[in-house]
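**Student:** return atomic coordinates for the entry below.
(chains A, B, C, D, E and F)
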Protein chains: 4
Amino acid sequence: MPKVVDEQMREATRRRIIHEAAGEFARLGFDQANINTIAELAGIGKGTIYLYFENKRELFLAMLRSISQSQMASIRAALAPDGTLQQRLERLFRAFVHLAEQESDSFNVYMSALYGVNRAFQDEATKLLRDYVAVIALMVEESQVRGEITTQKSETTALMILSLTESYVLSARVLGRSEQAITQEASIVARMILHGIRTS
Amino acid sequence: MPKVVDEQMREATRRRIIHEAAGEFARLGFDQANINTIAELAGIGKGTIYLYFENKRELFLAMLRSISQSQMASIRAALAPDGTLQQRLERLFRAFVHLAEQESDSFNVYMSALYGVNRAFQDEATKLLRDYVAVIALMVEESQVRGEITTQKSETTALMILSLTESYVLSARVLGRSEQAITQEASIVARMILHGIRTS
Amino acid sequence: MPKVVDEQMREATRRRIIHEAAGEFARLGFDQANINTIAELAGIGKGTIYLYFENKRELFLAMLRSISQSQMASIRAALAPDGTLQQRLERLFRAFVHLAEQESDSFNVYMSALYGVNRAFQDEATKLLRDYVAVIALMVEESQVRGEITTQKSETTALMILSLTESYVLSARVLGRSEQAITQEASIVARMILHGIRTS
Amino acid sequence: MPKVVDEQMREATRRRIIHEAAGEFARLGFDQANINTIAELAGIGKGTIYLYFENKRELFLAMLRSISQSQMASIRAALAPDGTLQQRLERLFRAFVHLAEQESDSFNVYMSALYGVNRAFQDEATKLLRDYVAVIALMVEESQVRGEITTQKSETTALMILSLTESYVLSARVLGRSEQAITQEASIVARMILHGIRTS
DNA sequence: GATGAATGAGGCTTCATTCAT
DNA sequence: GATGAATGAAGCCTCATTCAT
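**Tutor:** Prediction:
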């Protein structure tokens, strides 16, 4: 029964489509991206894409979900309960820098979905944002338990942490700073966050 | 001499087009926005738009510049050298909350331009970002002179302030918090920023 | 009573419009020619043209008639009953060479109208063609009376003369020959025509 | 292997498009001709045309080339080295009459391209004109070899032959003569050309 | 299942013409 | 009479989607 192999093939093709779609969407945006180009890059026929995804919109959403999973994995790893809160915050910061630079396609797609105007895309991107906040809030609560900080509203704190981290990275990139220059500020930013948290 | 009136009429029409364009672009994004619809909303003929703007792209850019000016005016007012640094930061935070809520069309357009993929739009949006940073950096330097804080890199500090302020507001909005709820956190966020600055 | 002066002014403006129209139509053809451009070249407002001509089509026709009159004048002069038939034919040939080179705008407009697809334009251009044939036929008949040739169908002969003269000039031009080179063939062509006539 | 059939289908469709395009362009001219109408006449969808031709202009050029080939074939056949020069000239004349009447669409398109203002179209039409001259020049040289005529400049002679033939037919048509009436003059025109050649 | 030829809706833009001043 | 701002019809072309093979 070649079923398993077929299933693997199908999954591989699906992944290839999503990968190329991410590049195309990141490069051109949803409207300007061309289904035909994506098919060519993925090495399949134009019509074949529709055997994997209902339409362009669904392809975009599937790609967005794929990106979300991948990014969440990175963030979870960064927030592993090793070391002090300061260290975990630094790792979080560096994880974002890394994502923004090494996975820039994904990052761009995610950001444009989040701040774009298509409600469906925004909703999907928001899910990831919620997950970010949730997993950071968890870390905050752990730190409370450990006595590293004393706080009440873990979610507000998490939101602050995420905002400062993510948007600092983004703004710095948009303003043209190098990855290296930004990475070097990990310690400063983390310390600043920490003090901010402890004071409020 | 009907010239003055004509000039006023022309300026009024131009403003009306830009206003409606902002709404349409905010609602649908650049590609999905329809020049014909914008013309109808502005109460003019389809062809008339082209007497005011060379093409769709130039209309978008003109609108973006208009938004930039308006937003910068708000931010400058918020950063007026009255009161303590804490108070100025609170006003900055509230100004962003206000912009995001009351001028949500403009805000959405600006954000999607900044994080979209069209280089020309990104460049224009980046200009505004630079202006933000510059004017905040100025406040930071004033505060140094006044002895409120002791810092070396005013621009880095400004970027931190902007990042935390702007993106906190944005994230909170995207996550569905009410304007009121966000506004109430002005004091907390400002204090946190201040401590962060003083520590680093 | 400034009426006369006004009438002169009006006539002068009309002529200026027609002159510039001829250039524009010759350069771009009827459809691509731009009314606004013609107005600018003529130094008047866009709307003013419509005080002189009902619409673009009528302007074109008026221009065509103007060209016709001018060209017929040249041809009549060339065919003046001075000299031998051979000399008159040579003058006719040279007149066409001159028209094609010195009045190339007019010539191009006339040819494109004649061989174009707009029936109204074709009809107008055909009138000129008929006039050509008629005036040449007259010369043929004169020559018969003078005993220079003996022929029956003066109109067929005229058509031959015109065809060979006009289209020889045109083909030679299209094929890139210089005015001088073509002019030098006046004698040959005229002699050839003459022999042809005498034989048939 | 449906390839051959497909290829045949494709070629058939291409021909159908060109055929209908010729009619539409002949009827309305390049600018007024409507791609949509051509598609409907050809029995295909509007977008399908763009699978066969890059754009309207390329369609026109392709059609022009197709016309050129077809016309050159007719002319070559007429000039086949059978019979006397007089007979060949008569066949040439009749071939033009036939083309002008039976292939009037093609003829109109070719003439309007030749005398229109679009340089690209003019160039393409000029190629055909050159081919005409070349093949007629060949006949002239053959006739020299055979001793039918004694001439030096075969190309100039060829141009004369073409001019008189083609433009006689055209002028006669424009002036409203019937095909039959024009055809009957084949002998006269041919004889006249012949004498003209022999004399010069 | 895979393909890609065919489709046609949709939109930006031009420009002849009108008409209020 | 002269003007030119305003208009909107008209058309080329793109591209997501379908479906016969």
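
**Student:** any idea how many residues pack against the residue in chain A that DNA strand E sits nearest to?
**Tutor:** Across chain A, no residue is closer to DNA strand E than A:G47, which sits at 1.8 Å (C-beta to the nearest atom of the strand). Heads up, the C-betas are built off the backbone N, CA and C, glycines and all. If you count neighbours by other C-beta atoms under 10 Å in any protein chain shown, A:G47 ends up with 9.

**Student:** how far off helix B:3-32 does the longest helix belonging to chain A point, in degrees?
**Tutor:** Taking DSSP state H as the criterion, chain A has its longest helix at helix A:3-32. Here helix A:3-32 runs at an angle of 170 degrees relative to helix B:3-32 (axes from the mean of the first three to the mean of the last three C-alpha atoms, to 10 degrees).

**Student:** beyond helix A:3-32, next helix or strand please.
**Tutor:** The first helix or strand that comes after helix A:3-32 along the chain, using DSSP states H and E, is helix A:35-41.

**Student:** which strands or helices does whatever helix or strand comes next after that following helix pack on?
**Tutor:** Remark: after helix A:35-41, the chain's next helix or strand is helix A:49-52, criterion DSSP H and E. On a contact count with 3 or more C-beta pairs under 8 Å, 6 or more residues apart in numbering or on different chains; DSSP states H and E, helix A:49-52 meets helix A:3-32, helix A:35-41.

**Student:** contacts for helix A:49-52?
**Tutor:** The contact list for helix A:49-52 (C-beta atoms under 8 Å, 6 or more residues apart in numbering or on different chains) reads A:10, A:13-14, A:17, A:35, A:38-39, A:42, A:59.

**Student:** next: stretch A:85-95.
**Tutor:** A:74-75, A:77-83, A:136, A:139, A:143, A:148-149, A:161, A:165, A:168-169, A:183, A:185-187, A:189-191, A:193-194.

**Student:** and for stretch A:146-158?
**Tutor:** Identification of contacts with stretch A:146-158 by C-beta under 8 Å, 6+ apart yields A:84-85, A:133-134, A:136-137, A:139-141, A:143-144, A:194, A:197-198, A:200, B:185, B:188.

**Student:** that older thread, filter the contacts of stretch A:85-95 to the buried ones?
**Tutor:** Burial by neighbour count, 16 or more other C-beta atoms under 10 Å in any protein chain shown: within the contacts of stretch A:85-95 this picks out A:74-75, A:78-79, A:136, A:139, A:143, A:148-149, A:161, A:165, A:168-169, A:183, A:185-186, A:189-191, A:193-194.

**Student:** quick one: the helices in chain A?
**Tutor:** Assigned by DSSP H, the helices in chain A fall at A:3-32, A:35-41, A:49-52, A:56-78, A:85-102, A:104-115, A:119-146, A:154-162, A:168-174, A:179-183, A:186-199.

**Student:** for chain A, give me the ranges with low pLDDT.
**Tutor:** Across chain A, the ranges flagged by pLDDT under 70 are A:1-5, A:151-152, A:199-200.

**Student:** and the residue nearest the centre of it?
**Tutor:** In chain A, the centroid-proximal residue (C-alpha atoms, centre = their mean) is A:Q71; its distance is 4.0 Å.

**Student:** could you pull up the residues touching that one?
**Tutor:** A:99, A:103, A:106, A:110, A:128.

**Student:** how about a markdown table for the helices and strands packed on helix A:49-52, with mean neighbour count and distance to DNA strand F added?
**Tutor:** Shown next, in a markdown table, are the helices and strands packed on helix A:49-52 (neighbours: other C-beta atoms under 10 Å in any protein chain shown; distance: least, C-beta to the nearest atom of the strand, whole Å):
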| stretch | mean neighbour count | distance to DNA strand F |
| --- | --- | --- |
| helix A:3-32 | 16 | 7 |
| helix A:35-41 | 17 | 3 |
